[in-house]
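Asker: this one's sequence-less:
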């Protein structure tokens, strides 16, 4: 059984796969440049008799309105971490048989819209709970086809994350972009959408039809002689499958401005007094100072979906 911690800030998301060890301590580094918080946070855990616990730290961790009381982490648990600067991060626990996700592929060929949310009638109906409250909006997000491009529109209160960065408003999708909506994982693959089957997920198969791989026609230049070669795939940091600190990076930067709609009744885990901090001081300096190094670091350590799925581009 693998334990995965999903950590969300107001601007970014990241998953950490805890090591399959026992009677040991692990420290997860929540980097300020990644989560756009003032300082790095060292999230300390220990595993005893196969059960994981948070250790004491300067930051406050609570579950609902109650401070963390040394309770073992369980599947679907949700915690709130509050930094010394009153920055709020959400932590969600997931226990799975394998840390490797399996995706089903659906065709985007004959459709122009994919709707996502809790309301009936969505092509992707999905629910997620944080602290016992629903955090997915009735109309949470849409994928819209415009000419030959697919555009992701965020219509929610709690956000959509592409390559680990929160989307504000809309974003043009590129081949291999990883979409996360509070536990719902999808990968945009041009002619298809790969969806990870997870709890509380229901798909409308009249809209999303299984992709027929027989429709892929390889582009072969008759003038070019055929040849074969061996291709070796490594699990080193260069190829970015897993980092040593047991995290799962999937990312480069997002963009855009923020939108909204009237169907946003979901609980907002990041609601706090914004007036207590200057917004430019909290966010602007990080993007200006650390943006280039952040993008370079995440490029090295991400799961390279473009390489994994490149044969489907045809």
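Answerer: Good, I have the coordinates. Here the structure is a predicted model, which means the values were calculated and not measured. Residues are numbered from 1 along each chain as shown.
Asker: Quick one: find the helix or strand in the chain with the lowest mean pLDDT.
Answerer: Least confident element among the helices and strands of the chain, by mean pLDDT, DSSP states H and E: helix 285-301 (a mean of 39).
Asker: Give me the buried positions along stretch 166-184.
Answerer: Going by neighbour count (16 or more other Cβ atoms under 10 Å), the buried part of stretch 166-184 is 166-168, 170-171, 173, 175-184. In this view, the C-beta of every residue, glycine as well, is placed from N, C-alpha and C.
Asker: Against residue 128, how distant is the residue most central in space within the chain?
Answerer: Centrality entry for the chain: nearest residue to the mean C-alpha point is residue 180, 3.6 Å, by Cα atoms, centre = their mean. For residue 180, the distance to residue 128 equals 11 Å [Cβ to Cβ, to the nearest Å].
Asker: what do you get for residue 15?
Answerer: 14 Å.
Asker: quick one: which of those two has more around it?
Answerer: Neighbours per residue, other Cβ atoms under 10 Å: of residue 15 and residue 128, the larger number sits with residue 128, 23 against 20.
Asker: hang on, the residue nearest to the centre of the chain packs against residue 161?
Answerer: Yes - at 4.4 Å, residue 180 counts as touching residue 161 under the criterion of Cβ atoms under 8 Å.
Asker: tell me, what's touching those two both at once?
Answerer: residue 13 (Cβ atoms under 8 Å, 6 or more residues apart in numbering).
Asker: what about the residue nearest to residue 122 when sequence neighbours are not counted, how many neighbours?
Answerer: The shortest distance from residue 122 to any non-neighbouring residue, by Cβ to Cβ, 6 or more residues apart in numbering, is to residue 115 (4.5 Å). Residue 115: 20 surrounding residues under other Cβ under 10 Å.
Asker: just residue 101 next, same as before
Answerer: Neighbours of residue 101 (other Cβ under 10 Å): 15.
Asker: swap in residue 201?
Answerer: Using other Cβ under 10 Å: residue 201 sits among 15 other residues.
Asker: Next: residue 86.
Answerer: What residue 86 shows, counting by other Cβ under 10 Å, is a neighbour count of 11.
Asker: Spell out which helix or strand contains it, please.
Answerer: Assigned by DSSP states H and E, residue 86 belongs to neither a helix nor a strand.
Asker: On the pLDDT front, check it for me.
Answerer: Looking at residue 86, its pLDDT is 94.
Asker: Please consider this matter closed, and thank you.
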